[in-house]
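Peer 1: Pasting the sequence and the predicted coordinates here, then a few questions.
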Amino acid sequence: MAEEHNGGKKFNKDNKINGLFGKRRFQVNKSYQIKMNEEKVYFVIPAYNEEENLDFLITNIDKFMHFLGYDYHIFLVNDGSTDNTATVAQNYKNDGIPLTLLNHKKNYGPGRAFKTGFEAVLNVASDNDIIVTIEADNTSDLCVLNRMLEQCKRGNDLVLASVYGEGAVVGAPLHRKIFSRCCNIILQIIFRIKGVNTFTSFFRVYRASMLKEAMDIYKDKLIEESGFICMLELLVKLHKLGYQITQVPMLLDFRIRVGNSKMKSIRNIKDTLRFIWRYLTNHEEIIIEPSDKMPERVENKL
């Protein structure tokens, strides 16, 4: 069978990854499993034309969740992919991976995908459960997930994986690193979220009870942005509700991803500037009126 090398991984023509984890689901030695945790972990993953990345991602999630001792379920939102993303995901579901495939008929963007995923997850998650969002392209390092989960279990409502501070980015073009750093400094100055220096990353851990409360408060306006800026929007809204937010350092490795980034830089810049302008000139659009279900700790914060 013909093969090609890409970023240190070996691929067959049928897009199955060989090497460290094998073609299919990684089988964890049960003797090394940690005692099962009470919390269930739900993954919300937007995917657009990620057929070549899903094998590595899903086998890694399965491996880490078994090793860390968590019951888990993946909600994968196929955001109008034109490749075999849906087929690859369905094959894993058929193989026994706990996975729900949610399909968009066309590509709406990550904001709409996260909204679809959150609505589906919150219908089944209990208040004590944990929700993880992550990219489908394998750029985020799952090795920090346990630390993020522990931070959430210690009382933090939202835990971010940050490439700034003690974190790092490898494999990205120099111009992108410089641009990202400059934008991040500007966002820190404008939004002033204590202890946070990353604003748009997908890799996050949420307390399910917090997202339920936020949904009750914002209704269908919790995520209004359709593009990548939705992560900044969501972070700002949750911060303004007084939730406890922290971060852990992470390595972001662009060399692992197969294919190009789906983010359009010019559009993302425009969306960011538009959101900043909206925040600075029409603040009440971000902070809406509280609902009757607002928790006392949140109501006192406003």
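Peer 2: Nice, thanks for sending it over.
Peer 1: Report the buried residues of whichever helix or strand residue 231 is part of.
Peer 2: Residue 231 belongs to helix 230-240 when assigned by DSSP states H and E. Across helix 230-240, burial judged by 16 or more other CB atoms under 10 Å covers 230, 231, 232, 233, 234, 235, 236, 237, 238, 239, 240. Just so you know, the C-beta spots here come from the backbone N, C-alpha and C atoms, and that holds for glycine as well.
Peer 1: Same check on stretch 136-143?
Peer 2: By 16+ other CB under 10 Å, the buried positions in stretch 136-143 come out as 136, 137, 138, 139, 140, 141, 142.
Peer 1: one step back: out of the buried residues of helix 230-240, flag the one nearest to residue 212.
Peer 2: residue 238 (12.3 Å; CB to CB).
Peer 1: what are the ranges of the strands in the chain?
Peer 2: 3-6, 9-12, 17-18, 40-47, 71-79, 99-104, 130-133, 158-162, 168-170, 204-207, 245-249, 251-253 (DSSP state E).
Peer 1: For residue 60, which of those strands is the nearest?
Peer 2: Of all these, it is strand 17-18 that lies closest to residue 60, at 10.1 Å by CB to CB.
Peer 1: Low-confidence bits of the protein, can you list those?
Peer 2: Residues of the chain meeting the criterion pLDDT under 70: 1-35, 164-181, 252-265, 268, 285-302.
Peer 1: bridging residues for residue 42?
Peer 2: Taking DSSP bridges as the rule, residue 42 bridges to residue 73, residue 131.
Peer 1: That one: neighbouring residues, count only.
Peer 2: As a burial measure, residue 42 scores 26 neighbours (other CB atoms under 10 Å).
Peer 1: give me every residue that touches it.
Peer 2: 72, 73, 74, 75, 121, 124, 125, 129, 130, 131, 132, 208 (CB atoms under 8 Å, 6 or more residues apart in numbering).
Peer 1: how does it look with 7 Å?
Peer 2: Listed by CB atoms under 7 Å, 6 or more residues apart in numbering, the contact set of residue 42 reads 73, 75, 121, 125, 129, 131.
Peer 1: Residue 107 now?
Peer 2: By CB under 7 Å, 6+ apart, the residues touching residue 107 are 48, 79, 80.
Peer 1: Count the residues that sit near the nearest residue to it once chain neighbours are set aside.
Peer 2: Distances taken as CB to CB, 6 or more residues apart in numbering place residue 80 nearest to residue 107, at 3.6 Å, with adjacent residues excluded. Applying other CB under 10 Å, we find 19 residues neighbouring residue 80.
Peer 1: Over to the one 3 residues further on?
Peer 2: For residue 83, the neighbour count with other CB under 10 Å is 15.
Peer 1: and if you look at residue 154?
Peer 2: Counted by other CB under 10 Å, the residues lying close to residue 154 total 10.
Peer 1: and the gap between it and residue 207?
Peer 2: 11 Å (CB to CB, to the nearest Å).
Peer 1: Mind exporting the C-alpha coordinates of the helix holding residue 231 to CSV?
Peer 2: Provided in CSV are the C-alpha atoms of helix 230-240 (Å, rounded to 0.1, in the frame of the first residue of the first chain):
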residue,chain,number,x,y,z
CYS,A,230,-16.7,33.4,19.1
MET,A,231,-14.2,32.2,21.7
LEU,A,232,-13.3,35.8,22.7
GLU,A,233,-17.0,36.6,22.9
LEU,A,234,-17.8,33.6,25.1
LEU,A,235,-14.8,34.3,27.4
VAL,A,236,-15.8,37.9,27.9
LYS,A,237,-19.4,37.1,28.6
LEU,A,238,-18.5,34.4,31.2
HIS,A,239,-16.0,36.7,32.8
LYS,A,240,-18.5,39.5,33.2
